[in-house]
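**Q** need a structure here:
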Amino acid sequence: MISNIERRACPRFAIPGALIGYKKIRLFGKRSDWIEQSCQLFDLSRGGIRFLTQKPLALETKLVIELSCPEKEEPLLLIGNTIWKADYKGDGFRYFMGIQLNPYGEGKKFNPVGMLNKIVGLEKTYLRP
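**A** So this is what the prediction gives:
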């Protein structure tokens, strides 16, 4: 068996100084208050986000994610689901959270196509060969 094979179609990249805020999407699309607003982005791709947090979330939790980048005035607002979590020891955070972003398109359950374009722009800036 071969291990550590990258199955992602889109590469991951980091953005130094980027922060994540998130809140839950509840029944009928209602949103909770912000749970945390200063989590450290670890990396992201067009399809997902990995960040450090103090509060672990249950798997399959629907979230609104706010990604704030140091050089951007407006944060990116995205929706996705928690798909994994892991312990993290260091830097004041306790957990890694893995988020799968919803597809891009039109409608309530999709991320706007404009957000994909912004992520592609960030990828061009921060992806290291």
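**Q** for residue 78, what are its contacts?
**A** If a contact means Cβ atoms under 8 Å, 6 or more residues apart in numbering, then residue 78 has 49, 64-65, 67, 101-102, 111, 115 as its contacts. From N, CA and C alone the C-beta is placed, and that goes for glycine too.
**Q** Ignore what I typed, I meant residue 103.
**A** Here residue 103 is in contact with 110-111 (criterion: Cβ under 8 Å, 6+ apart).
**Q** Recalculate using a threshold of 6 Å.
**A** Counting by Cβ atoms under 6 Å, 6 or more residues apart in numbering, residue 103 makes contact with residue 110.
**Q** how about the contacts of residue 78, which pair is most distant?
**A** 67 and 102 (14.2 Å; Cβ to Cβ).
**Q** Below-threshold pLDDT in the chain: ranges please.
**A** For the chain, residues meeting the criterion pLDDT under 70 lie at 1-8, 29.
**Q** Could you give the separation of the lengthiest strand in the chain from the chain centroid?
**A** Ordering each strand of the chain by length in residues (DSSP state E) puts strand 76-90 first. Relative to its parent chain, strand 76-90 has a centroid offset of 6 Å by Cα atoms, centre = their mean, to the nearest Å.
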